[in-house]
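# return atomic coordinates for the entry below.
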Amino acid sequence: MDKARAATVFMPAAREALQAFPIEPGAIELVSLSENVTFRVTDQGDGGAYVLRLHRPGYHTHEALDSERIWTRALADAGVSVPVPVTARDGRDYVSVLVRELGEHRRAGMTHWTPGELLEDVLARADGTQPFERWYERLGAVAGAMHVQSSAWRPPASFQRHTLDADGLLGEAPFWGRFWEHPKLSPAERELLLDTRQRLRGVLDRCGRSPETFGVIHADLHTSNLLVDGDRLTVIDFDDTAFGWHLYDIAVALSRGQDRSDFAAIEAAFFRGYRTKRAISEQARALVPMFLLVRGMAVIGWLYQRPEINPGDRLDELKDRVCAQCASFDSPC
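Residues are numbered from 1 along each chain as shown. Okay, the predicted model is just below:
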């Protein structure tokens, strides 16, 4: 569905949802069409800008969406820059609306609009290694602060999110799909991924799930989910928030830089920033290549689940990199 068609289909539901929130909606603009449908809304009373998101059906329960807000509020209290939520007039974080043309119900939530530019776009204009090192060092500090909060935090009993443990990442039904069944894989590549998957599961099982290493994570902390505003980085899009290893979060943050020739410098900058907020041992850091491989497998699975997405040559590059990582994988413990 293109954006023009999506605006026609989803705009009535967006206008209905806005009636539940304490603003006077003026201009409404569709800004993103992906898993969720996102609008920018202007309050005609005070000119304030807001984000209205219609969440895809079937991905999260109402309790899981509420849990996302519980964590983002806890992160904000810990000093991490995140979108500021707007509650409905009756105090709820989300309201349900019907997308009549599709015959589906979606949950709608609002936040204040966060100014800034995607870090991915900032880096796309960067020349040389220095800007990458500067921003990845700041990203490392943000990730470290989030993991400090996560490791010390105990979610309330009502908190519900999925789990990205060995089963969630590499089990028979991984959360992001059976990556080894992607039709782009040759029989030999499929066997290589299946063999490596079994070896990886054993290592992940031995990693344990102590609060120091495993807790609530963003799980999608890449450069397209961070906004740059001056020197500030704001973390956005908590749709994939889960229980998982902090090292998986780190691998996601580093994943888009790993094909660069200066990746070692970028990774070193990330950990300089991370260690300004939280200690990490060299033994733990040595597991990052393994988690980068796991992340690559997860992305292949996600693309397998989303056949409507055309990644072009990026899928071939991803597949080749993952297969090369599988071929060279040596169990770290």
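
# C-alpha only now, for contacts and for neighbours.
OK.

# roughly how far does the closest residue to Leu118 other than its chain neighbours sit from Arg92?
Closest residue in space to Leu118, ignoring its immediate chain neighbours: Leu227 at 4.6 Å, by C-alpha to C-alpha, 6 or more residues apart in numbering. Remark: distance between Leu227 and Arg92 (C-alpha to C-alpha, to the nearest Å) = 26 Å.

# output the longest helix belonging to this structure.
helix 130-152 (DSSP state H).

# contact partners of that helix?
75, 78, 80, 123, 126, 211-217, 233, 246, 249-250, 253, 265-267, 269-278 (C-alpha atoms under 8 Å, 6 or more residues apart in numbering).

# among the residues you listed, which ones are in helices?
Using DSSP H, the contacts of helix 130-152 in helices are 75, 123, 246, 249-250, 253, 265-267, 269-275.

# report the buried members of those residues.
75, 246, 249-250, 253, 266-267, 269-275 (16 or more other C-alpha atoms under 10 Å).

# one step back: which parts of the longest helix of the chain are buried?
Result for helix 130-152 [16+ other C-alpha under 10 Å]: buried residues 132-133, 135-151.

# for the protein, which segments count as strands?
25-33, 37-43, 49-54, 85-86, 94-99, 104-112, 117-118, 163-164, 214-217, 226-229, 232-235, 242-245 (DSSP state E).

# centre of the chain to stretch 293-300, how far?
The chain centroid and the centroid of stretch 293-300 are separated by 13 Å under C-alpha atoms, centre = their mean, to the nearest Å.

# in that stretch, which residues are buried?
Under 16+ other C-alpha under 10 Å, the buried positions of stretch 293-300 are 293-300.

# hey, C-alpha coordinates of that stretch in PDB?
The C-alpha coordinates for stretch 293-300 follow below in PDB (Å, rounded to 0.1, in the frame of the first residue of the first chain):
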ATOM      1  CA  LEU A 293      25.700 -13.100  13.900                       C
ATOM      2  CA  VAL A 294      22.500 -13.800  15.800                       C
ATOM      3  CA  ARG A 295      21.200 -10.400  14.900                       C
ATOM      4  CA  GLY A 296      21.900 -11.000  11.200                       C
ATOM      5  CA  MET A 297      20.000 -14.300  11.400                       C
ATOM      6  CA  ALA A 298      17.100 -12.500  13.000                       C
ATOM      7  CA  VAL A 299      17.000  -9.900  10.300                       C
ATOM      8  CA  ILE A 300      16.800 -12.600   7.600                       C
END
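
# contacts for it, please.
169, 176-177, 179, 182, 248, 251-252, 255, 315, 318-319, 322, 325-326.

# between those, which is nearest Asn36?
Set against Asn36, the nearest of the contacts of stretch 293-300 by C-alpha to C-alpha is Trp176 (16.2 Å).

# give me the distance between that closest one and Leu194.
16 Å.

# the more surrounded of these two?
Trp176 (20 against 17; other C-alpha atoms under 10 Å).

# how about that one: what's its closest non-neighbour residue?
Looking at Trp176 with C-alpha to C-alpha, 6+ apart, the closest residue is Trp302, at 4.8 Å.

# pLDDT score assigned to that neighbour?
Per-residue pLDDT puts Trp302 at 92.

# which ones are touching it?
176-177, 179.

# could you dump the residues you listed to a markdown table with distance to Thr8 and pLDDT?
Shown next, in a markdown table, are these (distance: C-alpha to C-alpha, whole Å; pLDDT from 0 to 100):
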| residue | distance to Thr8 | pLDDT |
| --- | --- | --- |
| Trp176 | 30 | 90 |
| Gly177 | 31 | 91 |
| Phe179 | 34 | 96 |
